[in-house]
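Participant: need a structure here:
(2 chains)
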Amino acid sequence: MSAHSIETGSGGGLVKWIDSRLPIFSYMQKEYGEYPAPRNFNYWWNFGALAMFLLVTMIVTGLWLAMQYTPHVDLAFDSVQRIMRDVNSGWFIRLVHVNGGSFFFIVVYIHIFRGMYYGSFKAPRELLWMLGVIILLLMMATAFMGYVLPWGQLSFWGATVITNLFSAIPLVGDSIVTWLWGGFTVDNPTLNRFYALHFLLPFLIVGVVGLHVVALHVTGSNNPLGIEPKSQQDTVPFHPYYTVKDSFGLGVFLVIFAAVVFFAPDFFSEPENYEKADFLKTPEEIVPEWYFLPFFAILRSVPAIWFVEAKLAGVIAMFGSIFVLFALPWLDTAKVRSGKFRPIFRWFFLIFLVDCLLLGFVGGKPPNSPVFESIESFEFIDLGRITTAWYFIHFFIILPLLGRFERPLPLPDSISAAVLGSHSGGGPAASGATAKPMEKA
Amino acid sequence: MLGRLQIAFVGLAAMVASPMVGAMAAEAGKAREPTELEWSFDGIFGQFDRAELQRGFHVFNQVCANCHSLEHIAYRHLSGIGLSEDEIKAIAAEVEVTDGPDEFGDNFQRPGRPSDPYRHPFDNEQQARAANGGALPPDLTLITKARPAGPDYVHAVLTGYGEAPPSEFEVTEGKDYNPYFKTWTIAMAEPLFEDAVEYADGTEASVDQMSRDVSAFLAWAAEPELERRKQTGFVVVAFLIILAGLLYASKRQMWAKLH
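Facilitator: Numbers count the residues shown, from 1 in each chain, chains lettered A, B, ... in the order given. Okay, the predicted model is just below:
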């Protein structure tokens, strides 16, 4: 139907003329019109499209903010206030951008956990997954530098603390930090380069997202059953079935997003950042934005190990907690993809999810205060160490062991058999006696 | 300049160097929780009370503005609290503004105009500190956003004077005890007393009343867009709910063929 329908169908002569020279129309038709998607996506599969929507939203609002923002230590804070007060609809654009950042992370984190639960990272989708991890890293860098731009107290001190992490690198650490700062402290050169990079990185994200989509469309989408589609029965064309479903998901998302933007715009922000950066006044607590809190907790939890000082060990663990995701396709060795058919994995997935949430909770608390009023000796630093240890145990011990010893439930014969139940004729869905290794598409 | 090594990475320092750091910070930071008050602008339906804002501005203009700046507010912004153009012109004209240079290259004094920024009590930080025993009165434009308790905090600090400090707590000479301030010791002398200002609308100028009014005014100063934000929000959210409903219906209809 693809190129064919373009040539003979609705498109006029101009469309045909262009398409035969630059096949953008048939490409769109093939990748977003006919793209055969498994018919059984649940609503967790909406979050990729939501992330795409937010990426565009962030770039558009960011571009308009850039037209009014002044990247200079003496003027940045005031220029943000000017946007809020004097620029037409500036408050709206800025509040969408600020809250959009938080929602971007919410959506992407859900997208990642969905992939983990349903085994979307497994062969043949390893590169698809790894490109996703690169997007996550780029997002984190972008968000971190963006938070510095309003030049509030936490902008400045957050930048100081995080860039200082690189001083933990033996021998060259201090030189690297000076190089990053463009001076001997976080100052105007730092703000300027962060602004330049904050503007650049989103376009790199767009590029990697493009690759992410290409990789997706080569392997095809995973689905809640984790088995490959076998026949036409198992898939539906992306348009209109998933365009309409994604649109509905987007509608629900926008209701929640708008409610926060208009009625609780400071829900995710720290009050302290409404104070202008002051070199001489260290805040009592330097906390990063909420979406970094789990990693912040890991950073603070690791003690000195042998000859590695605590700071370096913490930095290694923090970066390790993200880089381990690159190895996930080889750490989770289970042949069955979907958590639906992995009775033990499901529990460990839940525990891992709780562990990550706890890490986030710990990251926002002073390390040396007790977790429970009644147990003085059990401090947040202790909870942080336990949850940090579990984070890595999950990846390096639990997942490989589960792959070896877990007995998965029988897989259904096909997607359509499972979805349509009795319609499929030949016996009940779970007729396969034992779990088979997943079929190669 | 800050030595890189000195810059405390709070968590690590607390963890590695001394388990005391966190505990000490918690002690000093134990300001008393401000009483929660009801504000007209609370909640998703809340809007500003113009009369309250104008009383609050009166207090600010008469009392607070002698030491505190309001950096992001220009006189013209005061139309947001319901003042008329003539009233704003009159208020702006009360201050002398240095302008210039004129055609001879000299600066000159002129009465303030609505487009001028709200007056600064001091020319620079040094002057401000010299006049305030070394302490710098902070800019108050964003104070209600910069404190978790918002306007409740401002009200609490303003009404938090006069208590005897705990016996073991020593108040620095020349400063005041105020349990709502984070160090308990505040450089600002009690700013409000009974009838410190006279309200045009005849409201009794008790310390509590003035504190409430000026806190509400500062909440407006921190986010003058609040009313427009909420009003726009109703339309947008209502529209989106209907849109989501329609999209759900479309989705149902589209998918009905498949099941």
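Participant: pLDDT below threshold where in the stretch 101-250 of chain B?
Facilitator: Along the stretch 101-250 of chain B, no part satisfies pLDDT under 70.
Participant: What sits closest to the residue in it positioned nearest to chain A if chain neighbours are left out?
Facilitator: Chain A sits closest to B:G233 of the stretch 101-250 of chain B, with a gap of 2.7 Å, by Cβ to the nearest Cβ. Backbone N, C-alpha and C define where each C-beta goes, glycine included. Excluding its sequence neighbours, the residue lying closest to B:G233 (Cβ to Cβ, 6 or more residues apart in numbering or on different chains) is A:F262, at 2.7 Å.
Participant: Now for the one you found, how many residues are close by?
Facilitator: 23 (other Cβ atoms under 10 Å in any protein chain shown).
Participant: which SSE is it in?
Facilitator: helix A:238-263 (DSSP states H and E).
Participant: how about the residues of the stretch 101-250 of chain A that lie near chain B?
Facilitator: For the stretch 101-250 of chain A, the residues in contact with chain B (Cβ under 8 Å from any Cβ of the partner chain) are A:160-161, A:164, A:167, A:174, A:177, A:184-185, A:236, A:240-241, A:244-245, A:247-248, A:250.
Participant: follow-up on the earlier one: what distance separates the helix or strand following the helix holding A:F262 from the centre of its chain?
Facilitator: Using DSSP H and E, the next helix or strand after helix A:238-263 towards the C-terminus is helix A:293-301. Taking Cα atoms, centre = their mean, to the nearest Å, the mean C-alpha location of helix A:293-301 is offset from the chain mean by 17 Å.
Participant: correct me, but the residue nearest to B:G233 touches B:L226?
Facilitator: No - assessed by Cβ atoms under 8 Å, A:F262 is found out of contact with B:L226, at 10.3 Å.
Participant: which residue ranges form the helices in chain B?
Facilitator: B:10-12, B:20-28, B:50-62, B:85-93, B:125-131, B:143-146, B:151-159, B:207-222, B:226-256 (DSSP state H).
Participant: contacts for the third one?
Facilitator: Applying Cβ atoms under 8 Å, 6 or more residues apart in numbering or on different chains, the contact partners of helix B:50-62 are B:40, B:68, B:70, B:78, B:81-83, B:91, B:140, B:192, B:196-197, B:199-201, B:203, B:209-210, B:212-218, B:220.
Participant: Let me know the average pLDDT across the strand or helix carrying A:V206.
Facilitator: Per DSSP H and E: A:V206 is located in helix A:188-219. Mean pLDDT, computed over helix A:188-219, is 97.
Participant: Is the nearest residue to A:G320 once chain neighbours are set aside in a helix, a strand, or coil?
Facilitator: Nearest non-adjacent residue to A:G320, counting by Cβ to Cβ, 6+ apart: A:F392, 7.6 Å away. Secondary structure, DSSP: H, G, I helix; E, B strand; the rest coil: A:F392 is helix.
Participant: Now A:F121: closest residue in space that isn't a chain neighbour?
Facilitator: That would be A:W129: by Cβ to Cβ, 6+ apart, it lies 3.6 Å from A:F121.
Participant: And what about the one you found, helix, strand or coil?
Facilitator: helix.
Participant: That one reaches A:S120, doesn't it?
Facilitator: Yes - A:W129 is within contact range of A:S120, at 6.8 Å (criterion: Cβ under 8 Å).
Participant: who touches whichever residue of chain A sits closest to chain B in this structure?
Facilitator: Closest residue of chain A to chain B, Cβ to the nearest Cβ: A:F262 (2.7 Å). For A:F262, the contact set (Cβ under 8 Å, 6+ apart) comprises A:95, B:229-230, B:232-234, B:236-237.
Participant: With distance to B:K257 and neighbour count added, can I get those residues in JSON lines?
Facilitator: Formatted as JSON lines, the contacts of A:F262 follow (distance: Cβ to Cβ, whole Å; neighbours: other Cβ atoms under 10 Å in any protein chain shown):
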{"residue": "A:L95", "distance to B:K257": "41", "neighbour count": "19"}
{"residue": "B:R229", "distance to B:K257": "43", "neighbour count": "17"}
{"residue": "B:K230", "distance to B:K257": "42", "neighbour count": "17"}
{"residue": "B:T232", "distance to B:K257": "39", "neighbour count": "17"}
{"residue": "B:G233", "distance to B:K257": "37", "neighbour count": "20"}
{"residue": "B:F234", "distance to B:K257": "37", "neighbour count": "13"}
{"residue": "B:V236", "distance to B:K257": "33", "neighbour count": "17"}
{"residue": "B:V237", "distance to B:K257": "32", "neighbour count": "20"}
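Participant: Show me which residues of the stretch 301-441 of chain A sit near chain B.
Facilitator: So far as Cβ under 8 Å from any Cβ goes, the stretch 301-441 of chain A lies against chain B at A:303-304, A:309-311, A:314, A:366-369, A:381.
Participant: Widest-spaced pair of those?
Facilitator: A:E309 and A:S369 (24.1 Å; Cβ to Cβ).
Participant: which residue sits farthest out from the middle of chain A?
Facilitator: A:G13 (42.5 Å; Cα atoms, centre = their mean).
Participant: how close does it sit to A:I24?
Facilitator: 16 Å (Cβ to Cβ, to the nearest Å).
Participant: cool, and B:Q109?
Facilitator: Distance from B:Q109 to A:I24, by Cβ to Cβ: 65 Å.
Participant: before we move on, back to that, the helix holding A:V206 packs against which elements?
Facilitator: Where contact means 3 or more Cβ pairs under 8 Å, 6 or more residues apart in numbering or on different chains; DSSP states H and E, helix A:188-219 is packed against helix A:47-66, helix A:126-148, helix A:153-164, helix A:173-181.
Participant: and among these, the most buried is which?
Facilitator: Sort the helices and strands packed on helix A:188-219 by mean neighbour count, taking mean count of other Cβ atoms under 10 Å in any protein chain shown, and helix A:153-164 sits at the top with a mean of 24.
Participant: what angle separates it from helix A:293-301?
Facilitator: 50 degrees (axes from the mean of the first three to the mean of the last three Cα atoms, to 10 degrees).
Participant: mind giving me CSV with the helices and strands packed on helix A:188-219 and columns for mean pLDDT?
Facilitator: Shown next, in CSV, are those (pLDDT from 0 to 100):
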stretch, mean pLDDT
helix A:47-66, 98
helix A:126-148, 98
helix A:153-164, 95
helix A:173-181, 96
